[in-house]
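> Fold the following for me, if possible:
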Amino acid sequence: MKFIKYFMRTRKFQRIWEKLLAVALYGMNMGPINIRTNGEERLIEKLLPRLPNDAVLFDVGANTGEYTLALLRHCGPNVKIFAFEPGARTFEILASSVPSAPHVRLERKGLGDRSGVADLFADVQASALASVYPRRIFTERAQLSERIEVTRIDDYCRNNGLSRIDLLKLDVEGHELFVLRGCGDLLALDCIDVIQFEFGGCNVDSRTFLKDFFDLLAPKYALFRMVADGLVPMGTYRESQEIFGTNNYVATRDVSLLSGMY
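A predicted model of the protein is given here:
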């Protein structure tokens, strides 16, 4: 048995393990994001009926509007949707994609842990990979940049008379942790019910780890990893969970909101 265990760890088998690892990561829902097949729209469909009729929904990093449109497909007219996208060309596409409605507000702003201005980097106009970090993948292409306005979520809510957020979705290419730090008292006073955040290769560029999210959110929030048909509880933090393949994670203060999804 000891010989077999040793033999499995030799050079001869490494290509096999690498291929099996790639299959395993795909099975764990790691990889390119498609809202209709990766579990995001399923979460929206199941979660929104359990939220208050006048729920406040934040789509931070709305890009061209795919997630905002999914919210509109499943929410009632009393729900308030706030979609944030700082890139100039991307915001133009967002504004043309999302139908005008009194309960939807589009904001050309970035969010973070401090208010001010920042540089937004991208590989192409209206890129889904645009980030406040000059990402490694941009170095192989012509890199674009533009100055954007950045604010904190708690400041934005205070200025707009919002006392809570029922669903906070974050897809800001590695800056998710800093947006959460900008929530201030909203997090401290339990005023955000459900958080969906992306984690993946962009977190290498921002030097953030899944442990940082655990440290900020647990034990008040239970954390889950998203899969195609629901959610997988993450339990307590383990180093093996640090996988930089793109996926979405969900944190909630009230696990009953996610009943039947895990």
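> can you give me the helices in this structure?
With DSSP state H, the ranges of helices along the chain come out as 2-8, 14-27, 40-47, 66-74, 88-97, 153-159, 176-181, 185-188, 202-206, 210-217.
> Need the winner for burial among those helices.
By mean neighbour count, with neighbours taken as mean count of other CB atoms under 10 Å, helix 176-181 ranks first of the helices of the chain at a mean of 23. All C-beta atoms are positioned from the backbone trio N, CA, C, and that covers glycine.
> which other residues reach it?
Residues from elsewhere that reach helix 176-181 (CB atoms under 8 Å, 6 or more residues apart in numbering): 60, 111-113, 153, 170, 172, 187, 195, 197-199, 206, 208, 212-213, 216-217.
> Could you export it as CSV, keeping only the C-alpha atoms?
What follows is helix 176-181 as a C-alpha-only set of coordinates in CSV (Å, rounded to 0.1, in the frame of the first residue of the first chain):
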residue,chain,number,x,y,z
GLU,A,176,-15.5,42.8,-4.0
LEU,A,177,-13.9,42.7,-0.6
PHE,A,178,-13.3,46.5,-0.7
VAL,A,179,-16.9,47.2,-1.7
LEU,A,180,-18.0,45.1,1.3
ARG,A,181,-15.7,47.1,3.6
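> Quick check: chain neighbours aside, which residue is closest to Cys75?
Leu48 (5.3 Å; CB to CB, 6 or more residues apart in numbering).
> swap that for Arg164, sorry
That would be Cys191: by CB to CB, 6+ apart, it lies 4.2 Å from Arg164.
> so that neighbour sits right up against Ser163, yeah?
Yes: at 6.5 Å, Cys191 counts as touching Ser163 under the criterion of CB atoms under 8 Å.
> which of the two has more neighbours?
Cys191 (19 against 10; other CB atoms under 10 Å).
> Identify all contacting residues around the helix or strand of the chain with the lowest mean pLDDT.
Sorting the helices and strands of the chain by mean pLDDT, DSSP states H and E puts helix 2-8 at the bottom, at a mean of 88. Contact partners of helix 2-8, identified using CB under 8 Å, 6+ apart, comprise Phe13.
> Okay, Leu189 and Ser163: tell me how far apart.
9 Å (CB to CB, to the nearest Å).
> ok, now Asp185?
Distance from Asp185 to Ser163, by CB to CB: 10 Å.
> Overlap of the contact sets of those two?
Shared contacts of Asp185 and Ser163, counting by CB under 8 Å, 6+ apart, come down to Cys191.
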